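*Asks:* sequence isn't available, so here's the structure alone:
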């Protein structure tokens, strides 16, 4: 009976959400003639909405016990392992579509269960985090709280869906929808894998830009702070979604333009002014996006021994001489594309990269401007088809259990 009532409530929430989507034109900021799927919400600050305990969570999220997730993942066995990242392991699990109770493998709804691992933050050369924060025993808890606070309250087609979490004793786990193709990193850089075509790369870039534009456009703007290829997940048709909101924070608002924080970032993706001051602004996401776009164009990692200066040279440093010279700019392009890309589109995208990674944050474009430029780079037919797919997904998933996890997230709250 309780499960039926919960499902009825969630259906009601979805109806409200769909009505808000239909009326969202007056709230959205359109930067081109292409329809922009962007939703707005009033948002609590990180500290006020999720305090020092786990008592406040969005009602649409499931609070799992550790035993439930053990059963859902076959006791976290190796054959259930989907991926391993810096913060933890990701396992495949199965839960009931209605009650979210664990069920037998092969039945119910497939989910991704991220099991965070403690004691793995220090010594990783990619990370630039102050030691005081690294030694904080509550750091894992802060990551979980940030994920729950943002992904539990916001919904957008290009943000991964969070189903629930576990914060039982020292165990910290997060339960997401499964993105069947894994991360962009796994497809863009691995030798021997099928090469991602030019049109698909530009679609991915647009979808990531759309997600960041949404976050920056909220009444209480959100700075994602950890944009990189490994945090961009792809579904079966290579549609992109942002994941891993553990480092996301509320950005500056009103007259408060300086918002210093502890420096948490990944080498090669971080804006220079953020490394120097820790000042949190949406422009640091713009810089990181420029790096990701450069990775999509070149097929090279943000930091790699393949770059001319070896492992210590960042991709941006290697590419800038070419980006600044219109006669040589196409030399940065991924040779695996075999020249099968729009030369004009590549030049436009490369010019956009140069603007995004400008050392002066005041000269960088906004994500709205980035999105408008990239939508023009894409072939009109591709734009039309992908947007229609996004619209179809939004409606067709209404009666599926997986869709219930995101219902009602963008309703105003105080």
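*Replies:* On my side now, so go ahead. Note that the structure is a prediction, hence the values are computed from the model and not measured.

*Asks:* tell me the contacts of residue 162?
*Replies:* Neighbouring residues of residue 162 by CB atoms under 8 Å, 6 or more residues apart in numbering: 61, 147, 148, 151, 152, 174, 175, 176, 405. Heads up, the C-betas are built off the backbone N, CA and C, glycines and all.

*Asks:* now, the most widely separated pair of those?
*Replies:* Farthest pair in these (CB to CB) is 147 and 405. Separation: 13.5 Å.

*Asks:* rewinding a little: restricted to strands, list the contacts of residue 162.
*Replies:* 174, 175, 176 (DSSP state E).

*Asks:* the second one: neighbouring residues, count only.
*Replies:* A total of 25 residues lie near residue 175 under the criterion other CB atoms under 10 Å.

*Asks:* list the contacts of it.
*Replies:* Contacts of residue 175 (CB under 8 Å, 6+ apart): 62, 64, 69, 93, 95, 111-114, 162-166.

*Asks:* how close does it get to residue 155?
*Replies:* To residue 155, residue 175 is 16 Å away according to CB to CB, to the nearest Å.

*Asks:* likewise for residue 234?
*Replies:* 19 Å.

*Asks:* same question for residue 173.
*Replies:* 21 Å.

*Asks:* please say which of those two ends up with more neighbours.
*Replies:* Counting neighbours by other CB under 10 Å for residue 173 and for residue 155 shows that residue 173 has the greater number, 25 against 22.

*Asks:* which residues does that one contact?
*Replies:* Applying CB under 8 Å, 6+ apart, the residues near residue 173 are 64, 66, 69, 113, 114, 115, 116, 165, 166.

*Asks:* nearest residue to it in space, please, no chain neighbours.
*Replies:* Nearest residue to residue 173, sequence neighbours excluded (CB to CB, 6 or more residues apart in numbering): residue 166, at 4.1 Å.

*Asks:* ranking by neighbours, what's the top pick from the contacts of residue 175?
*Replies:* residue 93 (29 neighbours).

*Asks:* which ones are touching that residue?
*Replies:* 69, 72, 73, 80, 102, 110, 111, 112, 113, 175.

*Asks:* at 10 Å what do you get?
*Replies:* Counting by CB atoms under 10 Å, 6 or more residues apart in numbering, residue 93 touches 64, 68-74, 76, 80, 82, 102-103, 105, 108-113, 163, 173, 175, 178.

*Asks:* filter those down to the ones in helices?
*Replies:* Among the contacts of residue 93, the residues falling in helices (DSSP state H) are 68, 69, 70, 71, 72.

*Asks:* which of those sits closest to residue 289?
*Replies:* The closest of those, once distances to residue 289 are taken by CB to CB, is residue 69, at 33.3 Å.

*Asks:* per-residue confidence at that closest one?
*Replies:* On pLDDT, residue 69 comes in at 95.

*Asks:* follow-up on the earlier one: each with direction, which strands does the host helix or strand of the residue nearest to residue 173 pair with?
*Replies:* Using DSSP states H and E, residue 166 falls within strand 162-168. Each strand that pairs with strand 162-168, with its direction, by DSSP bridges: strand 62-63 (parallel), strand 171-177 (antiparallel).

*Asks:* mind putting the ones you listed into JSON lines with mean pLDDT?
*Replies:* Shown next, in JSON lines, are these (pLDDT from 0 to 100):
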{"stretch": "strand 62-63", "mean pLDDT": "90"}
{"stretch": "strand 171-177", "mean pLDDT": "90"}
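
*Asks:* quick one: these as CSV, columns for distance to residue 194 too.
*Replies:* CSV is the format used below for the strands paired with strand 162-168 (distance: least, CB to CB, whole Å):
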stretch, distance to residue 194
strand 62-63, 36
strand 171-177, 24
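
*Asks:* right, and those - which one's nearest residue 365?
*Replies:* strand 171-177 (30.6 Å).

*Asks:* for residue 319, list the residues it contacts.
*Replies:* Contacts of residue 319 by CB under 10 Å, 6+ apart are 291, 294, 297-298, 300, 307-308, 329, 331-332, 350, 353-354, 357.

*Asks:* swap the cut-off to 8 Å and go again
*Replies:* Per CB under 8 Å, 6+ apart, neighbours of residue 319: 294, 298, 332, 353.

*Asks:* any idea how far residue 360 is from it?
*Replies:* 18 Å.

*Asks:* what's the answer for residue 318, then?
*Replies:* Residue 318 is 20 Å from residue 360, by CB to CB.

*Asks:* again with residue 173
*Replies:* Applying CB to CB, the value for residue 173 to residue 360 is 42 Å.

*Asks:* can you check residue 315 too?
*Replies:* Residue 315 is 20 Å from residue 360, by CB to CB.

*Asks:* ok, now residue 295?
*Replies:* 22 Å.

*Asks:* can you check residue 324 too?
*Replies:* On the measure of CB to CB, residue 324 and residue 360 end up 15 Å apart.

*Asks:* what about stretch 155-172, how long is it end to end?
*Replies:* Using CA to CA, to the nearest Å, one end of stretch 155-172 lies 23 Å from the other.

*Asks:* and the strands in the protein?
*Replies:* Going by DSSP E, the chain shows strands at 62-63, 81-84, 88-95, 109-116, 162-168, 171-177, 182-183, 222-223, 232-234, 240-242, 249-250.

*Asks:* more crowded one of residue 324 and residue 360?
*Replies:* Ranked by neighbour count (other CB under 10 Å), residue 324 and residue 360 place residue 324 first, with 12 against 9.

*Asks:* pretty sure the more buried one contacts residue 353?
*Replies:* No: taking contacts as CB atoms under 8 Å, residue 324 lies outside contact range of residue 353: 10.9 Å.
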